[in-house]
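Trainee: return atomic coordinates for the entry below.
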Amino acid sequence: MADLIRWDIYEINSKNHQLTSRRVRGRLRKFALSKNINLLTENTEKGEPRVRFALFSGSDPEIINEFLKTMFPDIQIELVLKNIANPVLSKLKVNSTERYE
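Mentor: This next block holds a predicted model:
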C-alpha cells in the first residue's frame, strides 16, 4: 500500500481585509496551477474571516507568502498544523485522529 500524502496547513489572516469575500481561494488555486504547486485551500469555519491553505509537508511556503503579500501587504501567514494526512482545512479540530476512536 502507498504512503499517504502529508500536508502542512497554513492560516491567512488580515486586520484590514475581509479575505473570505475577496476570491482569495480562487486566486491561490490559479497561482498554484501556474507555478505547478500542489495546494489545497478553503475558508475557515463560518464566522471566521480567514483562509487556510495546505502544501505538501516540508514544502517551502515562501512563494505563496510573496504572492499573497502582493494582494494584501498586511497579511499574516501562520503554520497551524504540520504533517497531517487527509486534512480538513475548514475545521482544524477534525484533524485529530483521537476524535474517531
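Trainee: under a three-state scheme, what state does I64 occupy?
Mentor: Three-state assignment for I64 (DSSP: H, G, I helix; E, B strand; the rest coil): helix.
Trainee: what's the answer for K69, then?
Mentor: Following three-state DSSP, K69 is assigned to helix.
Trainee: ok, now how distant is it from E45?
Mentor: To E45, K69 is 25 Å away according to C-beta to C-beta, to the nearest Å. Yep, even glycine has a C-beta here, placed from its N, CA and C like the rest.
Trainee: N38: neighbouring residues, count only.
Mentor: 12 (other C-beta atoms under 10 Å).
Trainee: what of V80?
Mentor: Neighbours of V80 under the rule other C-beta under 10 Å: 16.
Trainee: chain neighbours aside, what residue packs nearest to S59?
Mentor: Distances taken as C-beta to C-beta, 6 or more residues apart in numbering put D8 closest to S59, at 6.9 Å, once the chain neighbours are dropped.
Trainee: which neighbours in the sheet does the helix or strand hosting the one you found have, and how are they oriented?
Mentor: Per DSSP states H and E, D8 falls inside strand 6-13. Next to strand 6-13 in the sheet, as set by DSSP bridges, lie strand 51-56 (antiparallel), strand 76-85 (antiparallel).
Trainee: buried set for it?
Mentor: Neighbour counts using 16 or more other C-beta atoms under 10 Å place 7-13 of strand 6-13 among the buried residues.
Trainee: go on, stretch 72-92?
Mentor: Residues of stretch 72-92 classed as buried under the neighbour-count rule (16+ other C-beta under 10 Å) are 72, 75, 77, 80-81, 84, 87, 89, 92.
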